[in-house]
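Peer 1: Quick one, what's the 3D model for this:
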Amino acid sequence: MIVAGEASGDIYGADLVQKAFSLDPGLDFFGIGGSRMREAGVTTLVDSAEIAVMGLIEVFQHFGVISAAFLTLKKFLHEDPPELLILIDYPGFNLRLAKVAKKAGVKVLYYISPKVWAWKAGRINKIAATVSKMAVIFPFELPLYEKAGVPVSFVGHPMLDLVDVTMKREEAAASFGLDPSRETVGLFPGSRKSEIERILPAILAAAELLQKRFPDLQFVIPLASTLTEEDIRPHLDGTCIVPIITTQRIHDLVRGCDAIISVSGTVTLEIALVGTPMVIVYKLAPLTYHVAKRVVKIKHIGLCNIVAGHSIVKELVQDQANPEAIADEITMILSNETYRATMNDELLSIRTKLGGGGAALRTASLALDLINSKQDMV
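Peer 2: Numbers count the residues shown, from 1 in each chain. Below you'll find the model as predicted:
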């Protein structure tokens, strides 16, 4: 059984499943995932798009769907238990499922750690009690789990293998029907419907301001596997922005952009590894934001800034994520060559902090080791 509750987990899960099949073609995967995992050979009982939400209010609004998904997997764990449960990020759901698996005698491999280094550090005790093996992707996570007595391996970051762009900027832009002679701004509104509702209007309003400042500017929007064009089309109606919308070759698309407006999340790391300058924007429901301010222990929300250990990319959060501020930062990137080049160089330096490639293959090997091990769970 494998569970990925969000678009990034769907990407990582698909890569992991493909690598596992290369080691043992006789494996069978089922659980929660999106289109990428289905293409890789996973039988999805629940589509991750149905449960991809973040925040207290958002989880409450989708509680019925999330609860039904949980009960579906719980029933399998008790009545037809798999040899292994692989959990990918999505801690609110997955840590509860790990507890069920523990009671059912099912071994648990957790890939992509809950962010215990950012908030809810106490979750590491739940992990120690229920997880057979942690496969962590950041080097600074390793000592945290070792100190807590959790069996852990640092596997490297899976994005290092997935981000492999050989095209030049002009070639990449042309491959999406963009005019290479014109500057391109990418609008990356996220992978959750709740993000689209909160953030896309401000991003589009910023794009309209940018269009007035740079009349020749062109825009492109990548569509995550958890969304459809119908999810964003109502927000585009009534604006002067006519972006190209695509679901293909996200990393080539990043290379084809001169600047990007992006939500916080894994995508900021993908953009960083390509080296395209960006501004990070994020908005939460007001109650969720005020709670988060009290419990989050880190200074940055963007993974690229977190990994770097300092602010490379400007972060505009909540009220700061307004159209004028967003447009001003993109204007700085487009019009100040030194500013843009410095950000580009610092973003590319992040790769060296993430270790070598091969994360999915290492994790697949850990999975097979757990399946073949005769030892009981920790």
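Peer 1: For the nearest residue to Q18 once chain neighbours are set aside, give me its contacts.
Peer 2: Closest residue in space to Q18, ignoring its immediate chain neighbours: A40 at 5.2 Å, by CB to CB, 6 or more residues apart in numbering. Where C-beta positions appear, they are placed from N, C-alpha and C, glycine not excepted. Applying CB atoms under 8 Å, 6 or more residues apart in numbering to A40 gives the contacts 13-15, 17-18, 21, 29.
Peer 1: same check, this time on A367
Peer 2: 16, 20, 84, 86, 109.
Peer 1: just those now: which is nearest D237?
Peer 2: L16 (38.8 Å; CB to CB).
Peer 1: Now for this structure, the helix or strand with the poorest mean pLDDT.
Peer 2: Lowest by mean pLDDT, DSSP states H and E among the helices and strands of the chain is helix 56-61, with a mean of 53.
Peer 1: so where do the strands sit in the stretch 251-378 of the chain?
Peer 2: 259-263, 278-282, 315-317 (DSSP state E, counting those that start in this stretch).
Peer 1: and the contacts of A367, which two are the farthest apart?
Peer 2: L16 and L84 (12.0 Å).
Peer 1: Neighbour count for the two, which is higher?
Peer 2: L16 (31 against 24; other CB atoms under 10 Å).
Peer 1: Find the residue closest to the more buried one in space, skipping its chain neighbours.
Peer 2: L16 sits nearest to A360 (CB to CB, 6+ apart), 4.7 Å away.
Peer 1: so how far is L160 from that neighbour?
Peer 2: For A360, the distance to L160 equals 10 Å [CB to CB, to the nearest Å].
Peer 1: Which residue of those two possesses the greater neighbour count?
Peer 2: Ranked by neighbour count (other CB under 10 Å), A360 and L160 place A360 first, with 25 against 18.
Peer 1: Wait, that one touches H157, no?
Peer 2: No: using CB atoms under 8 Å, A360 is not in contact with H157; the gap is 10.3 Å.
Peer 1: Which per-residue confidence value corresponds to the residue nearest to L16?
Peer 2: Looking at A360, its pLDDT reads 96.
Peer 1: got it, and H62?
Peer 2: 60.
Peer 1: And for the one 3 residues further on?
Peer 2: Listed pLDDT for V65 reads 78.
Peer 1: same deal with N305?
Peer 2: With respect to pLDDT, N305 has a value of 89.
Peer 1: didn't P91 look like it was pressed against R123?
Peer 2: Yes: contact criterion CB under 8 Å: P91 and R123 qualify, at 6.5 Å.
Peer 1: Going along the chain, name the helices of the stretch 51-200 of the chain.
Peer 2: Using DSSP state H, counting those that start in this stretch, the helices of the stretch 51-200 of the chain run over 56-61, 63-79, 91-104, 123-130, 142-147, 159-162, 169-175, 193-213.
Peer 1: So which elements touch the fifth one?
Peer 2: Right, the one you point to is helix 142-147. helix 123-130, strand 133-136, strand 152-154 (3 or more CB pairs under 8 Å, 6 or more residues apart in numbering; DSSP states H and E).
Peer 1: what about these, which gets the closest to A7?
Peer 2: Here strand 133-136 is closest among the helices and strands packed on helix 142-147 (CB to CB), at 19.7 Å.
Peer 1: so what strands line up beside the closest one?
Peer 2: With DSSP bridges as the test, strand 133-136 is paired with strand 107-111 (parallel), strand 152-154 (parallel).
Peer 1: Just give the closest residue to C304, not the sequence neighbours.
Peer 2: A272 is the one closest to C304 (CB to CB, 6+ apart), at 3.9 Å.
Peer 1: Now do that neighbour, the pLDDT please.
Peer 2: In this model, A272 carries a pLDDT of 93.
Peer 1: Please look at it and K353 and confirm they touch.
Peer 2: No: using CB under 8 Å, A272 makes no contact with K353, being 10.4 Å away.
Peer 1: residue ranges with poor pLDDT in the stretch 201-350 of the chain?
Peer 2: The model of the stretch 201-350 of the chain has pLDDT under 70 over residues 284-298.
Peer 1: For it, which segments count as helices?
Peer 2: According to DSSP H, counting those that start in this stretch, the helices that the stretch 201-350 of the chain contains are 229-236, 250-256, 266-274, 286-295, 303-308, 323-335, 337-348.
Peer 1: List the buried residues of the last one.
Peer 2: Across helix 337-348, burial judged by 16 or more other CB atoms under 10 Å covers 340, 343-344, 346-347.
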